[in-house]
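[1] Need a 3D model of the sequence below.
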Amino acid sequence: MGSVEVKFGINYVPKRKAIGDADKLYTYIDLALPVDVTPFTLKGHVGHTTGKDSIDSGPQGRYLDYSVGAGLSWGMLTSGLS
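    Numbers count the residues shown, from 1 in each chain. Modelled structure (predicted):
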């Protein structure tokens, strides 16, 4: 196995009527682990949103999203499945 790539992110949106009249905060972490001697990379993602009264959030104003997948690189072609 290769070395793990880690990416942390934070996105903030100030209060606006178009998004439920409340501040929104989205934090996430992405992981990528290249599999040695192959063109494959294993990938994972976890994100968390907070923000009251959002149409896409739960009753507490927050939700969790995640994905698990793999990527394939061959020449200039890159594809993935998650």
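[2] Just checking the distance from stretch 66-80 to the centre of its chain.
    A distance of 15 Å separates the centroid of the chain from that of stretch 66-80, by Cα atoms, centre = their mean, to the nearest Å.
[3] the strands in the chain, which residues?
    Under the criterion DSSP state E, the chain contains strands at 5-13, 24-34, 40-50, 62-74, 77-81.
[4] What does the pLDDT read for the most centrally placed residue in the chain?
    Most central in the chain under Cα atoms, centre = their mean is residue 45, positioned 4.6 Å from the mean C-alpha point. With respect to pLDDT, residue 45 has a value of 97.
[5] Residue 55 now?
    For residue 55, the model assigns a pLDDT of 55.
[6] swap in residue 11?
    94.
[7] Low-confidence regions, this protein specifically.
    Scanning the chain for pLDDT under 70 picks out the ranges 1-2, 18-20, 52-61.
[8] Show me what stretch 29-44 is in contact with.
    Under the criterion Cβ atoms under 8 Å, 6 or more residues apart in numbering, residues 1-9, 45-47, 66-74, 80, 82 lie in contact with stretch 29-44. All C-beta atoms are positioned from the backbone trio N, CA, C, and that covers glycine.
[9] Of those, select the buried ones using a ChimeraX command.
    One line in ChimeraX is enough to select the buried members of the contacts of stretch 29-44, burial here meaning 16 or more other Cβ atoms under 10 Å:
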select :45,47,71
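[10] The residue in the chain sticking out farthest from the centre and residue 16: what is the separation?
    Farthest-out residue of the chain from its mean C-alpha position, per Cα atoms, centre = their mean: residue 37, at 26.6 Å. Remark: distance between residue 37 and residue 16 (Cβ to Cβ, to the nearest Å) = 50 Å.
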